[in-house]
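A.B. asks: got a predicted structure plus its sequence, pasted below:
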Amino acid sequence: MAKNKILISFFVIVPVLLLLSFHSLHAQTLTITLEGKSPGQLQLTETSQTWPVFSGLPVVPLGKKVFLSADTTAGGDTTVQAPMVTWTLTAKPNGSTASFEQSGTSSTNSFTADMRGLYTITATIGSKTATQNIFVSVFKGITLTKNCAPCHQTPKTVNKFPQWSQSAHATMYKRGITGGLFGEYGTYCVKCHTTGWDSTLNNGNFGYKAKITGWDTTWYKPRKPVNDTIHITPGDSSRWVLLETQYQSVDSVANIGCEQCHGPATDHAMTADPTKVAVSLQGSVCNVCHDLSPSYVVGSDWRQSNHATMPLSGEEAGRTACYPCHSGSAIVKFAKNKTAPGYNATQDNFPSIACASCHDPHMSANNTSSVRLTTLDSLVNGYKPQNPTGTGSMCMNCHHARENSQVRVTNQATKFADRFYPHYSPQSDMFLGANGYEYGQNFTGQGTHKNIMANACVDCHMVANPDTSVNRFAEANHFMKMVDQQGKDRVYVCKPCHPSVNTSFDEVKASSDYDGNGTIEGVQTEIRGLLDKLKAVLPKDSTGEVVTMARDSMIVKNFPGYPKILPAMWDYYFVKNDWSYGVHNSRYAVSLLQASLAQVTGVEKSNNNIPRIYALEQNYPNPFNPATTIQFSVPENADVTLKVYDAVGREVATLHSGVLITGNYKIVWNASNLASGVYYYRLSSEKFSMVKKMVFLK
C-alpha cells in the first residue's frame with residue numbers, strides 16, 4: 001500500500017513539475033512599447049492646426065504627448081485579453097507635473113512631457129514589471145556646416161553627416177521654396193519638410209520659430225496663397241536667400257535634419273551622451289511624415305502590409321539562422337557587410353521590415369529611392385542574373401530559395417530531412433527561371449519578364465495606384481501585394497503590356513492547354529490545373545497535402561515510384577510556394593510541372609534533342625515478356641495520349657494522357673497482367689495520330 005502511495009505521489013508530482021517547468025520556460029515577458037502615432041493614425045489633414053504626431057522614439061521634444069502600451073505577449077497578440085496594467089511615473093524632472101491621462105488599468109496610456117530631463121515609466125501586471133526611460137529635450141537645429149557636422153563626419157564618430165548632406169532629406173524645404181518641387185508649394189508642406197514642426201510648442205522646432213519670427217507669413221510674399229498653395233518659378237532662390245540672411249534662427253531647422261529622425265539633440269550636443277539621442281528602425285519614425293492620405297500613402301500602405309508586422313516571423317526574428325530576412329535590423333547589417341554581418345539574436349530581434357530596413361535615410365539622392373541593395377550577386381545554386389535587377393534587388397536578396405534544388409533533392413534520397421519543401425520564398429528563382437529541379441533538361445533562363453523589367457519585382461509590385469483621389473502624388477505602392485486592400489487584382493500594372501486585361505490576372509490567356517483538360521484557359525488557371533494533376537499522383541499526408549515532413553517519410557518511401565517521385569514533390573512546392581501561379585514566369589513553371597508529371601507517370605525524356613516532327617517508334621523488344629519500351633517524339637507543347645488496345649480494339653491501358661513539352665520521350669509498359677497476344681499502341685494529339693503493332697508472349 002505504501003509503495004502504491006509512493007507511485008501515486010510520483011505520478012501526481014512529476015506532471016506538476018513538468019507543467020511548472022514548461023510554464024517557466026515559456027513565461028510571458030512584460031514589455032513597454034512606445035507607440036508611434038502618424039498623421040494618418042490620428043486622422044489629421046494637411047490643414048490641421050495642431051500636429052500631435054509621435055515618432056515612438058525614447059528621446060522626445062519638450063511638450064509632446066508620449067503614447068505607450070504594455071504587452072505581455074512579446075508580439076502584440078490581439079487574441080489575448082487585455083491585461084490589467086498599473087502605470088507609474090517612477091521618476092521625472094524637478095518641477096514636472098506630468099501624469100498619465102488614463103487613471104484606470106488600460107494596456108495603453110499617454111502623458112505630456114512638460115519638462116526637460118529624464119522620465120522613467122513603470123508598468124506592472126501582477127508580479128511582472130517593466131520600465132522605460134524617456135529623455136526630453138529641445139531642438140538645436142543643423143545646417144550643412146554646423147552643429148551635427150563637426151562630430152559626425154568621421155568613421156570614429158558615426159560618419160553619417162556627409163551622406164545626409166547629399167540626401168533628399170537635407171534639401172527638401174530649400175527645393176520647395178525655390179520651385180524645385182513641381183513649381184507648386186503649399187503652406188502646409190512645412191509640417192513634413194522641416195524639423196519637428198508644431199507651431200504651438202516652444203521647443204526649438206521650425207513651426208514655432210517660423211511663427212514667432214513672422215517667417216510663416218512672410219516666405220510666400222509677394223504672392224498670396226490660393227487654396228493654401230503658391231506657384232514658385234523653378235530656380236527662384238530669393239526666398240531661400242531671405243531665410244538664410246534675415247531669419248537665421250529658423251534656418252537651422254529648415255530641413256529634414258538629424259533631429260527629425262533621432263529626436264531633439266540639444267542635451268546630446270552639450271554632453272555627447274548617446275542616451276540623449278535615439279536610433280530606431282521603427283516605421284513610426286518615418287510615418288510621422290509619410291502617412292497622410294491622400295497625399296502621402298506610403299505609410300498607410302506599409303502599415304497594412306505583411307512587412308510591417310511580419311506575421312510569419314514570430315520566434316524567427318530572434319534566430320540568427322533566419323537572418324537577414326526575418327529581421328529588419330539584420331537586413332541593415334547584411335547590406336553593410338554581406339560576408340560578415342555580425343548578427344546578434346538579442347540586438348537584432350526586430351520582427352518588422354520597416355522603412356529604414358530597405359531605405360537608407362542618409363544615402364545620397366543619386367541612389368534611386370536610397371535603397372540599401374541594388375544588386376543580386378547570385379541565387380543559392382550559383383546562378384547569376386543575366387540582366388540587372390535594379391531596385392528590385394532589395395526584394396530579391398530575401399525573396400529567393402534558401403537551398404540548391406538539385407543538391408537538396410539528391411540528398412533527400414538518402415535521408416528524409418525534417419522538412420522537405422522549398423522555403424516560402426522562391427519568387428526570385430521563379431522570376432529568373434532558375435534553381436528548380438530540371439531533370440537534366442536545362443530549363444534555366446526561360447521566361448520573358450526578367451528581360452523587360454529593369455527593376456524586377458518593383459516594376460509590378462510597387463507601381464503606383466493611378467487613382468489620384470486616393471494617391472494624389474502617385475507614390476509607389478508599399479502594400480506590395482498584387483491584390484489590393486479591397487481584394488481586387490491590381491490589373492493596371494499589367495495593362496501596358498496586356499491591354500485586354502480588365503479585372504483579373506487570369507484574363508491573360510495561356511499559349512496552349514498546359515494542363516491537358518481540353519480547354520485553353522487563363523495562365524493562372526492552367527498552372528493550378530497542372531498543380532492539381534501533379535498533386536493527384538504524389539504521396540499525401542493525413543491532411544490531404546503533398547508530404548513535407550519527416551514524420552510521414554514512410555508514406556513517401558512506400559509510395560510507387562520512390563525515389564523518382566522526390567524531384568516532383570520538390571517542384572510541386574517550388575511552383576506552389578512562388579504564389580504567383582505563373583505570373584512571375586509561366587514558361588518555367590509549366591516546364592517544371594510538366595516534366596514532373598512525366599517523371600511520375602513514367603514518361604521520361606530519352607534525350608535532349610529537339611524533334612522537328614511527330615514520330616512513334618517501334619517498341620523494343622518485340623515480341624516482349626513482360627515489359628517493352630515505346631519511344632516517341634513531340635515537336636511542340638501539346639496535349640498527347642498514348643494508349644494500348646487489344647486485337648479487337650478494346651482499350652487495355654493508358655500510358656500517358658496530358659500535355660508534354662517539346663522533346664523525345666520513352667515509356668516502359670509492363671503487360672504481365674494481360675494475356676499473350678497481339679496489341680496495338682496509338683499516339684495521338686490534335687495534329688497527329690499513329691498506330692503500331694506489338695506482340696506479347698508469355
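C.D. replies: Nice, thanks for sending it over. Residues are numbered from 1 along each chain as shown.

A.B. asks: tell me the spacing between the residue nearest to Ala130 when sequence neighbours are not counted and Val297.
C.D. replies: What sits nearest to Ala130 in space, not counting adjacent residues and going by CB to CB, 6 or more residues apart in numbering, is Leu30, at 4.4 Å. Every residue, glycine included, has its C-beta placed from N, CA and C. Taking CB to CB, to the nearest Å as the criterion, Leu30 is separated from Val297 by 35 Å.

A.B. asks: where does Ala647 land in three-state SS?
C.D. replies: At Ala647, secondary structure determined by DSSP: H, G, I helix; E, B strand; the rest coil is coil.

A.B. asks: right, I mislabeled it, should have said Asp267
C.D. replies: Applying three-state DSSP: Asp267 is helix.

A.B. asks: that one contacts Asp273, correct?
C.D. replies: Yes - Asp267 is in contact with Asp273 according to CB atoms under 8 Å; the separation is 7.1 Å.

A.B. asks: which one's more surrounded, the two?
C.D. replies: Asp267 (21 against 11; other CB atoms under 10 Å).

A.B. asks: what's near enough to touch that one?
C.D. replies: Arg116, Phe135, Ser137, Asp273, Lys276 (CB atoms under 8 Å, 6 or more residues apart in numbering).

A.B. asks: before we move on, the earlier item: hmm, Gly126 and the residue nearest to Ala130 touching each other?
C.D. replies: No - judged on CB under 8 Å, Leu30 makes no contact with Gly126 at a distance of 9.0 Å.

A.B. asks: ok, these two, which is more surrounded?
C.D. replies: Leu30 (21 against 10).

A.B. asks: for the more buried one, grab phi and psi.
C.D. replies: Backbone torsions for Leu30, taken as degrees, to the nearest 10, come to phi -90, psi 130.

A.B. asks: tell me the spacing between it and Thr468.
C.D. replies: In terms of CB to CB, Leu30 sits 46 Å off from Thr468.

A.B. asks: with Lys221 instead?
C.D. replies: From Lys221 to Thr468 the distance is 30 Å (CB to CB).

A.B. asks: same check, this time on Ala91
C.D. replies: In terms of CB to CB, Ala91 sits 50 Å off from Thr468.

A.B. asks: of these two, who's got more company?
C.D. replies: The residue with more neighbours, out of Ala91 and Thr468, is Ala91; 14 against 11, by other CB under 10 Å.

A.B. asks: wasn't Ser553 part of a strand?
C.D. replies: No - under three-state DSSP, Ser553 sits outside any strand and is assigned helix.

A.B. asks: contact partners for the closest residue to His359 other than its chain neighbours?
C.D. replies: Excluding the flanking residues, the one nearest His359 by CB to CB, 6+ apart is Ser370, at 4.9 Å. Listed by CB under 8 Å, 6+ apart, the contact set of Ser370 reads Ser167, Ala168, His359, Asp360, Pro361, Met363, Ser364.

A.B. asks: you'd agree the second one is in a strand?
C.D. replies: No - secondary structure assignment places Ala168 outside any strand; it is coil (three-state DSSP).

A.B. asks: host element of Val285?
C.D. replies: Taking DSSP states H and E as the definition, Val285 sits inside helix 283-290.

A.B. asks: any idea how the protein splits into domains?
C.D. replies: 31-136, 138-310+352-372, 373-601, 604-696 (automatic domain parsing).
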